[in-house]
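Trainee: could you work out the structure for the sequence below:
(chains A and B)
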Amino acid sequence: MTIVSFLFMGKGAMKNSTTKRMDEFVADVVDRHGTDRSKLTCILRDVQDEYNYLPEQALREVAATIDIPLVDIYGVATFYTSFSLEPKGEHIVTVCMGTACHVRNSEGVLDEICRFLGVVPGGTTEDMRFTVETVNCLGACAMGPIMVIDGTYYGEISALKVPEILKRYQKAESEEPEAVRFISPQELEEYRKSVKRTRYSGATSICLCCGPGCLAVGSKSVSEALSRELKRNGINDEVIVRENGCHGFCERGPLLVTRPDNVFYQNVTPGDAPEIVRETIINGKVIDRLLYEDPETGESIQREDDIPYYRKQNRQVLGPNGLMDPYEIDDYIAKGGYSALVKAIFDMEPEEIIDEVERAGLRGRGGGGFPAARKWKSCRAARSPDGVKYVLCNADEGDPGAFMDRCLMEGNPHSVLEGMVIGARAIGANRGYAYVRNEYPLAVESITRAIKDAEAKGLIGTNILGSGFDFHVEVSRGGGAFVCGESTALMASIEGKVGEPREKYIHTAMRGLYVRPTNLNNVETWANVPLIIREGADEYAKVGTENSKGTKIFSLVGKINNTGLVEVSMGMTLREIIYDIGGDVPNGKTFKAVQTGGPSGGCIPESLLDTPVDFDRLTDVGSMMGSGGMIVMDEDTCMVDIARYFLEFLCDESCGKCTPCREGLKHMLEIIDEITRGRGTMDRLELLEELAEVVCDTSLCGLGQTAPNPVLSTIRYFKEEYREHIEEKRCPAGVCKALISFEIDADACNGCTKCQKACPIGAISGEKKEPHEIDSAKCDKCGICFEVCKFDAVVRR
Amino acid sequence: MVTLVLDGQHVEAEEGWTILEAARYYGVDIPTLCYMDGLSAYSACRICVVEVIRGDRSRLVASCSYPVQDGIEVRTKSARVGKARNMIIELMLASCPNSKTLQCLASKYGVTEVRFNGEDRDCLLCGLCVRMCDEQMIGGAIGFAKRGIDREVTMPFRKTPEACRQCGACLYVCPVCELPCGGPLEPGELCNACLDTVQLDPFPCKE
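Mentor: A predicted model of the protein is given here:
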């Protein structure tokens, strides 16, 4: 295929107006990456970036060039959602369908986008202008529902705001959208260069949170405004602006903290920059209106550590995020970074390292809670045919509603790297990969940079600090498949294959990546390792419960006042986290349940809120620690709908290899769908439970074995709600569309016409200043009228 | 040699054998579908699950790939195994009701009804054809595409690739594309009348 046929691909199908022929382009890409199979996904990603999709001819060229059967390439191209065999539109509209967004009605947003553009999810408009896609979680949960258009994040949107935003993109090209942009690598690079020149250690610094939540509400432009302002005042050499990773308190973003005084400002806008520089930085005065106000006492709080949200936390892993620039290795080194590595390599034998980690009681933070030291020990003992062993970091954080790994990778990548080197030394491994989720481009950027910097300083790579110990790390990018968080699927994916799990009867510690002994730990686990080595096991083990040591980071999202990342000592109760740190459910609603453990976890009711955060105790109540998503639900959340949501997610993400997971989940979804549509029976509910047990018992990998948990736990604790759906055909939370209806209370309606104007399908009629009426036959129950009515005249039944 | 308990009997097995191999050696019947001698084990259909007890832990494993280990107890006919196996047969019948192989399995293990909404597909995704093509015929012409419920066995871009020699091995091993049951009921209905034709052979109804 040559340039001639490009002309038929539609406008925008090609990003660069290159005249290069496809075979030449493919040859270049293969040259760049090499012909190793593990580079297949990199090659395909480059091809897709060039043409906006994967043209058949290009895949044939790739197959011919790197000698992989075409059918395997086709399998990979169709398995990962980040690849497309169909040309896509000029603008990609992505709607996050993560759990936190779901409970804030992202489905209504998606419906409205599709209605407005006249496409189905996944479809492209006829004029090739827009493609609408969904993603299972963008990790910006605090700002949900989230919509992204061409990389621009729109947080906290509702169906009402959709037309206005989309119209901007329908207009002329030159018109720039008003929202704040996620920075591109080039911008970052530029910015970093200028910061470096002006960096002055020891002086005042302004630490600005640039985590995903704060970026979505404009922290990048605050940072630019502050830098401009410092320059204007001629103090840009003495005072520096540090763009940090996530501080955690996403609800109040953009967040700003001055160091070393720790003055905390919230909801900062670019307009505040001159005042902050003039008053706080130059004159040392605190600006009252930007301070956090304690909702209980009404008092303003100046210092970061005095804020109730932070006070109850124990931020030993997450805390450093707020002190340094993740792109500055010097910042990390200045804070004592890489001293644990020195200790582990020069002062300790590998067995001593394992022993230390064992005494610290470190358990895997990725979900299962498996003792890290036991894993390391068996990998160390395993024989490798050629001596090669691997150490991997699992950064494929797929649980919708969880974003702590993202924030660690973005905010403190060196701590993860340092942990990996220590682990590698203990195990005797010389190679490693960090497998990062495709949806997290900034995490890829940050860890890649960290590796490069650490290599330049001799902290990883060949002959680390002259010790003779080698450890090489590479970054491997996921392709948008949740199942790749499973260890064997992850390894298959690194090898450039379809991310399909295999039986683990022989552990990956013996036979893992490329059939070599392999040790895999999650991001947060690795970030804990330097802490253990630096502080010592005894000090580390002082925090936590008997069998769960240290801290755990949770992303507290959903129907909660203080959304964000919280790090607490193990053993704190869920009640303390939700009420003392989270500050209760908003709008005076009643708490209903908290979902932990993502799609493998369960929903915990009010009555069990005194359960402490502990691997074993959470499993006892039918949920699990999981990677740390904590989604709070209130009375407006329907538990049957939540179970249906997770099943839908898992059906979508199942690799489809084994029967119980592929077929079983499908039929479970069918049954639960019947219930939400008012067609369920109690007999079918029993069948659902029976099937759920078999799926748990017989599935091949962890995904299938835990997939029925959301269903089983909601049946266990909220059976009454199921019964109401089935026998009374009623959804008490008012969520299941088939079981609710909207009416206008003629007495309360004053005929303001607001609902009539807002209704996207024209189902509301009535004269001005006269009571309006909803045509129930026409109404598609989107709920927009309910949302816009200021007089509570629209009633949901 | 490894010593284990197989359905109450103390038996010895070669190291490296799977539970399925040991069971077949001692004449213990375990049904299989995606397993075939000469092809790599794929552990996908889960019909060969057995209960493995070790200490106080008990779990279901795929016997086609689980290696025998010293001191384990294997139960191939426990209630837990029976329940799981029958549910899996039922799930597969819901998608491919016309497969003679499945009809036979249903008869043999007493699956008398399918309680799920049925379809009439022509592929169980057992992957026998894919492995046959790749491992025995060195073809690599067909493979899996997509994932989850959309997963399918296909040729790249749905066009016959050069790699396909049209040898027909894929058809030969397929448990669905054989002639449907010629029993007294309508095709796809579960008549449970195939009992006499069932043997240990993984494809009992093939001539």
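Trainee: ok, now which ones touch the residue of chain B found nearest chain A?
Mentor: Chain B approaches chain A most closely through B:R151 (3.3 Å), counting by Cβ to the nearest Cβ. C-beta: built from backbone N, CA, C; applies to glycine. Each residue near B:R151 by Cβ atoms under 8 Å, 6 or more residues apart in numbering or on different chains is listed here: A:C655, A:G656, A:K657, A:R662, B:L125, B:F144, B:A145.
Trainee: let me know the pLDDT of the second one.
Mentor: You'll see A:G656 listed with a pLDDT of 94.
Trainee: what's the neighbour count on it?
Mentor: Neighbours of A:G656 under the rule other Cβ atoms under 10 Å in any protein chain shown: 25.
Trainee: skip the chain neighbours and tell me the closest residue to it.
Mentor: Using Cβ to Cβ, 6 or more residues apart in numbering or on different chains and skipping the chain neighbours, the partner closest in space to A:G656 is B:R151 (3.3 Å).
Trainee: any idea which element the residue lying farthest from the centre of chain B lies in?
Mentor: Farthest-out residue of chain B from its mean C-alpha position, per Cα atoms, centre = their mean: B:E162, at 30.1 Å. Assigning secondary structure by DSSP states H and E places B:E162 outside every helix and strand.
Trainee: now the one 5 residues further on
Mentor: Using DSSP H and E, B:C167 sits within no helix or strand.
Trainee: for it, grab phi and psi.
Mentor: Backbone geometry at B:C167, expressed as degrees, to the nearest 10, gives phi -80, psi -20.
Trainee: how many other residues sit next to it?
Mentor: Neighbours of B:C167 using other Cβ under 10 Å come to 14.
Trainee: residues contacting it?
Mentor: Applying Cβ under 8 Å, 6+ apart to B:C167 gives the contacts B:M137, B:G139.
Trainee: go with 6 Å
Mentor: B:M137 (Cβ atoms under 6 Å, 6 or more residues apart in numbering or on different chains).
Trainee: quick one: the strands in chain B?
Mentor: Counting by DSSP state E, residue ranges of the strands within chain B are B:2-6, B:9-13, B:49-54, B:57-62, B:73-75, B:143-145, B:152-154.
Trainee: return the most buried member of those strands.
Mentor: Of all the strands of chain B, strand B:143-145 carries the top mean neighbour count, a mean of 24, counting by mean count of other Cβ atoms under 10 Å in any protein chain shown.
Trainee: who touches that one?
Mentor: Taking Cβ under 6 Å, 6+ apart as the rule, strand B:143-145 contacts A:V71, A:Y74, A:G75, A:T78, B:V130, B:E152, B:T154.
Trainee: partner strands of that strand and their direction?
Mentor: According to DSSP bridges, strand B:143-145 forms sheet pairs with strand B:152-154 (antiparallel).
Trainee: between the contacts of B:R151, which is closest to A:V30?
Mentor: The shortest gap between A:V30 and any of the contacts of B:R151 belongs to B:A145, at 22.6 Å (Cβ to Cβ).
Trainee: could you measure from the residue in chain A that chain B sits nearest to over to A:T706?
Mentor: Across chain A, no residue is closer to chain B than A:G656, which sits at 3.3 Å (Cβ to the nearest Cβ). Counting by Cβ to Cβ, to the nearest Å, the gap from A:G656 to A:T706 is 17 Å.
Trainee: and A:K552, which helix or strand is it part of?
Mentor: Using DSSP H and E, A:K552 maps to strand A:551-558.
Trainee: turn the contacts of B:R151 into JSON lines, including distance to A:A643.
Mentor: Below are the contacts of B:R151 laid out as JSON lines (distance: Cβ to Cβ, whole Å):
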{"residue": "A:C655", "distance to A:A643": "22"}
{"residue": "A:G656", "distance to A:A643": "21"}
{"residue": "A:K657", "distance to A:A643": "24"}
{"residue": "A:R662", "distance to A:A643": "19"}
{"residue": "B:L125", "distance to A:A643": "26"}
{"residue": "B:F144", "distance to A:A643": "29"}
{"residue": "B:A145", "distance to A:A643": "30"}
